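Enquirer: Dropping the sequence and predicted coords here.
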Amino acid sequence: RKEVEQDPGPFNVPEGATVAFNCTYSNSASQSFFWYRQDCRKEPKLLMSVYSSGNEDGRFTAQLNRASQYISLLIRDSKLSDSATYLCVVTRSGGQNFVFGPGTRLSVLP
Amino acid sequence: NAGVTQTPKFQVLKTGQSMTLQCAQDMNHNSMYWYRQDPGMGLRLIYYSASEGTTDKGEVPNGYNVSRLNKREFSLRLESAAPSQTSVYFCALSVNTGELFFGEGSRLTVL
């Protein structure tokens, strides 16, 4: 079993839709949690950190459930520019060892 | 991509050839990483360097060597390239706790 798992998609949604991505991790000692965004043939970029209390950044909301070892990302009012692959990332002990999920591909359609 | 520069951006090698991927940063951070990205696999850590002169193996170090001679540069060397090393390679540095800042990537094809 992979340490970080994601539904690979693709998720094809119309503009304006709400879409949710899920991520599970197997290492209960994981310390920090993030969502990265990667555009086609580009490098990953940090989208947002994920905090235990949940956090929001504009149209994006991230949730963490440590008991279930589950992370989610909700995108509201999808834009064409949201089309990308979304990578779930966790860190192991020491905070420097980043483990990436395989990513979930999103296509927002006009 | 300001801050992390990778060279070359594209390279085609024959099996058995050697090459070095270069990574340089001007952001004055200590921790640097080399990842490879393959379809369906996510990014996998090859090597990591916490500071100048120190390196540690990651998840997939076999077939690679690294060098961190100074704070600014972290190079990845393939001594004898194999088709299984066809991949996209990313250099990254840790700029804050949890944030990795990536270079633009190097696409390597081994025939």
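Expert: Right, received. Where do you want to start?

Enquirer: helix/strand/coil for the residue nearest the centre of chain B?
Expert: By Cα atoms, centre = their mean, the mean C-alpha position of chain B lies nearest to residue B:34, the distance being 3.1 Å. For residue B:34, the assignment made with DSSP: H, G, I helix; E, B strand; the rest coil gives strand.

Enquirer: now swap in residue A:8 and tell me
Expert: At residue A:8 the chain is in coil, as set by three-state DSSP.

Enquirer: How many neighbouring residues does it have?
Expert: 14 (other Cβ atoms under 10 Å in any protein chain shown). C-beta here means a position set from N, CA and C on the backbone, and glycine is covered the same way.

Enquirer: for the one 4 residues further on, same thing?
Expert: The burial count assigned to residue A:12 is 13, neighbours taken as other Cβ under 10 Å.

Enquirer: and what of residue A:103?
Expert: Residue A:103: 27 neighbours (other Cβ under 10 Å).

Enquirer: what does residue B:91 give?
Expert: A count of nearby residues for residue B:91, using other Cβ under 10 Å, gives 28.

Enquirer: is chain B contacted by the host helix or strand of residue A:107?
Expert: For residue A:107, the host element (DSSP states H and E) is strand A:104-109. No. Taking Cβ under 8 Å from any Cβ of the partner chain as the criterion, strand A:104-109 and chain B are apart, separated by no less than 10.9 Å.

Enquirer: do stretch A:37-56 as well
Expert: Yes. Applying Cβ under 8 Å from any Cβ, one finds that stretch A:37-56 is in contact with chain B at A:42-46, A:49.

Enquirer: Which members of the residues you listed are the farthest-apart pair?
Expert: Farthest pair in the residues of stretch A:37-56 next to chain B (Cβ to Cβ) is A:42 and A:49. Separation: 20.6 Å.

Enquirer: ok, residue B:12 touching residue B:106?
Expert: No. Residue B:12 is not in contact with residue B:106 according to Cβ atoms under 8 Å; the separation is 11.8 Å.
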